[in-house]
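Asker: A predicted structure for the sequence below; I have some questions about it.
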Amino acid sequence: MPNFLNSGDAFPSISLNLAEGGTFSFPDDLETPITIALFYRGHW
């Protein structure tokens, strides 16, 4: 069973590979504490 975040839980740190190269560390590289993230799978 997956673990879900509850209200007030911190988002776990993850590193994402960017399409143009490089990585983005989430949430460490965010500029603001309140953020909406949209993950788009793209077209396969």
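Answerer: Looks like it arrived, so ask away.
Asker: What distance do you get for the most centrally placed residue in the chain to Phe4?
Answerer: What sits nearest the mean C-alpha location of the chain, by CA atoms, centre = their mean, is Phe26, with 4.5 Å. Plainly put, Phe26 is 17 Å away from Phe4 if you go by CB to CB, to the nearest Å. Glycine gets a C-beta too; all of them are placed from N, C-alpha and C.
Asker: where do the strands sit along this protein?
Answerer: Per DSSP state E, the chain carries strands over the ranges 14-17, 23-26.
Asker: right, so those strands: which one is the most enclosed?
Answerer: Here the criterion is mean neighbour count by mean count of other CB atoms under 10 Å, and of these the winner is strand 23-26, at a mean of 12.
Asker: Could I get the CA-only coordinates of stretch 32-39 as PDB?
Answerer: Listed next in PDB are the C-alpha coordinates belonging to stretch 32-39 (Å, rounded to 0.1, in the frame of the first residue of the first chain):
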ATOM      1  CA  THR A  32       8.800  29.700  -2.700                       C
ATOM      2  CA  PRO A  33       7.500  27.500   0.100                       C
ATOM      3  CA  ILE A  34       4.000  27.200  -1.600                       C
ATOM      4  CA  THR A  35       4.100  25.500  -5.000                       C
ATOM      5  CA  ILE A  36       1.800  23.600  -7.300                       C
ATOM      6  CA  ALA A  37       3.600  20.900  -9.200                       C
ATOM      7  CA  LEU A  38       2.200  19.400 -12.400                       C
ATOM      8  CA  PHE A  39       3.900  16.200 -13.700                       C
END
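Asker: Name the surrounding residues that touch it.
Answerer: Outside of stretch 32-39, the residues within contact range by CB atoms under 8 Å, 6 or more residues apart in numbering are Phe26, Pro27.
Asker: Pull out the buried residues from it.
Answerer: Neighbour counts over stretch 32-39 (16 or more other CB atoms under 10 Å) mark no residue as buried.
Asker: Restricting to C-alpha, output stretch 4-18 in PDB.
Answerer: Extracted in PDB, the C-alpha atoms of stretch 4-18 (Å, rounded to 0.1, in the frame of the first residue of the first chain):
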ATOM      1  CA  PHE A   4       0.300   9.200   1.300                       C
ATOM      2  CA  LEU A   5       1.100  12.600   2.600                       C
ATOM      3  CA  ASN A   6      -1.100  14.100   5.300                       C
ATOM      4  CA  SER A   7      -1.800  17.700   5.900                       C
ATOM      5  CA  GLY A   8       1.300  19.400   7.300                       C
ATOM      6  CA  ASP A   9       3.700  16.600   6.100                       C
ATOM      7  CA  ALA A  10       6.900  17.700   4.300                       C
ATOM      8  CA  PHE A  11       7.200  16.600   0.700                       C
ATOM      9  CA  PRO A  12      10.100  14.100   0.400                       C
ATOM     10  CA  SER A  13      13.200  15.200  -1.400                       C
ATOM     11  CA  ILE A  14      13.500  13.800  -5.000                       C
ATOM     12  CA  SER A  15      15.800  14.600  -7.900                       C
ATOM     13  CA  LEU A  16      14.300  14.900 -11.400                       C
ATOM     14  CA  ASN A  17      16.100  14.600 -14.700                       C
ATOM     15  CA  LEU A  18      15.300  17.500 -17.000                       C
END
